[in-house]
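> Sharing a model that was predicted from the sequence below.
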Amino acid sequence: MLAFLPMILMFAIIYLLLIRPQMRKQKHQQTMLGALRKGDQVLTRGGIYGRIEAFKGKDNSQVLLDIGKGNKITVARAYIVGPASETVEAPKG
């Protein structure tokens, strides 16, 4: 039984340092994606700022973004990093 104690202790440390924070981060990301609404300013993983025009696709898994000057793109909802207000300020122009 004492031989397993170091392995159990290492697993507990790995869980507390690696797995648990990742699960929290993933839960926060899912909550943020679920709270997105039409008109929100967002930032994509590709570094593109845009305003949500509409949700498309099965289960609203795609987002139509207005990226300025009438240009619109469709991105996967999972590729939205977060609201532009929580990230680096969007460049003007």
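Okay, I see it.

> where in the chain is pLDDT low?
Applying pLDDT under 70 to the chain flags the ranges 86-93.

> moving C-terminal of the helix ranked longest in it, what's the next helix or strand?
The longest helix of the chain (DSSP state H) is helix 20-34. Sequence-wise, the next helix or strand downstream of helix 20-34 (DSSP states H and E) is strand 41-44.

> Could you double-check that Lys56 sits in contact with Lys72?
No: counting by C-beta atoms under 8 Å, Lys56 stays clear of Lys72, with 11.1 Å between them. C-betas here are computed from N, CA, C, even on glycine.

> List of residues touching stretch 30-41?
42, 49-55, 63, 77-78, 80, 82-85, 90 (C-beta atoms under 8 Å, 6 or more residues apart in numbering).

> Can you tell me which of the residues you listed are buried?
Among those, those classed as buried by 16 or more other C-beta atoms under 10 Å are 42, 49-53, 63, 77, 80, 82, 84.

> May I ask which two of those are separated the most?
Glu53 and Gly82 (17.8 Å; C-beta to C-beta).

> What residue spans form the domains of this structure?
When the chain is parsed into structural domains using automatic domain parsing, the resulting residue ranges are 1-35, 37-93.

> need the strands for the chain, in chain order.
41-44, 49-56, 62-68, 71-76, 80-83 (DSSP state E).

> which one of those lies closest to Phe11?
Closest among the strands of the chain, using C-beta to C-beta: strand 80-83, at 31.8 Å.

> how far is that closest one from where the chain is centred?
The chain centroid and the centroid of strand 80-83 are separated by 5 Å under C-alpha atoms, centre = their mean, to the nearest Å.

> In PDB, list the C-alpha atoms belonging to it.
Output of strand 80-83 as PDB, limited to C-alpha atoms (Å, rounded to 0.1, in the frame of the first residue of the first chain):
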ATOM      1  CA  ILE A  80     -14.600  33.300 -31.100                       C
ATOM      2  CA  VAL A  81     -12.200  34.200 -28.300                       C
ATOM      3  CA  GLY A  82     -14.500  36.500 -26.500                       C
ATOM      4  CA  PRO A  83     -16.100  39.900 -26.400                       C
END
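
> Perfect, that will be all.
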